[in-house]
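>>> Just a sequence and a predicted model for now, questions to come.
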Amino acid sequence: MTMTTRLLQRARSCARAVVLPATLLTLCAGLSLGCANRYTIPSGAPTYAADAKVSVKVNKTGIRHVNIKVVHLAPLKRIDPTYSAYVVWFSVPGQGITRAGALSYKEKWRTGKLVATTPHPKFELIITIEQNPTAQQPSDKVIARRVVSKV
C-alpha cells in the first residue's frame, strides 16, 4: 500500500468520524416532525399526589397529538361523590377553551389516560374534575394546568 493510499484511507476514516455524528445531529435538530416534547405537570388540590405526564408530537400536517397520562389519581367518590369525571381542556388565547375529552380512568391503578389532537402550537392544558363527563365548560375544580408549546 502506498503512502498516498494510506493517507486517503485515514482521511476518509476521520471524515466519517466527524461527518456521521454531525449529520445525525442535523437530522435530529431539523426533524421536529415526529419528535415529542414531554412535560410533567404536578397537580394541586384536591389531588396533590397526582402527576400528569404529557407528550406532544407533531405529524406531517402540523396537527399536534397530545398524549396524557395521569398517575396517582384519587377516586372521585373520595373527593366528592357529586363529581364523576376528570376532563382535559385546551385553552388558546383568543380562541377560548375547548374540551379535549374525559380521561379514561382506571380506579384500580389510579391512572387516567387520554389522547387528543389540536392544531395550535401553543396552548394551556387544563385538567378539571367535573360532575358530568360531557361538560362543555370547565368547572372551577382545576387539579392541573400548564402552558404547552410544540412548534
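Nice, thanks for sending it over.
>>> quick one, phi/psi of the residue nearest the centre of the chain?
Using C-alpha atoms, centre = their mean, the residue of the chain that lies closest to the mean C-alpha position is S55, 2.0 Å off. Note on S55: backbone dihedrals following degrees, to the nearest 10 are phi -130, psi 140.
>>> for it, what are its contacts?
A36, N37, R38, Y39, V66, N67 (C-beta atoms under 8 Å, 6 or more residues apart in numbering). C-beta: built from backbone N, CA, C; applies to glycine.
>>> Flag whichever of the residues you listed scores worst on pLDDT.
For the contacts of S55, the model is least confident at A36; its pLDDT is 66.
>>> Report the contact partners of the closest residue in space to R146 that isn't next to it in sequence.
Ranked by C-beta to C-beta, 6 or more residues apart in numbering and with sequence neighbours excluded, the top spatial neighbour of R146 is I41, at 4.4 Å. Shown in contact with I41 (C-beta under 8 Å, 6+ apart): D51, A52, K53, V54, L125, I127, A144, R145, R146.
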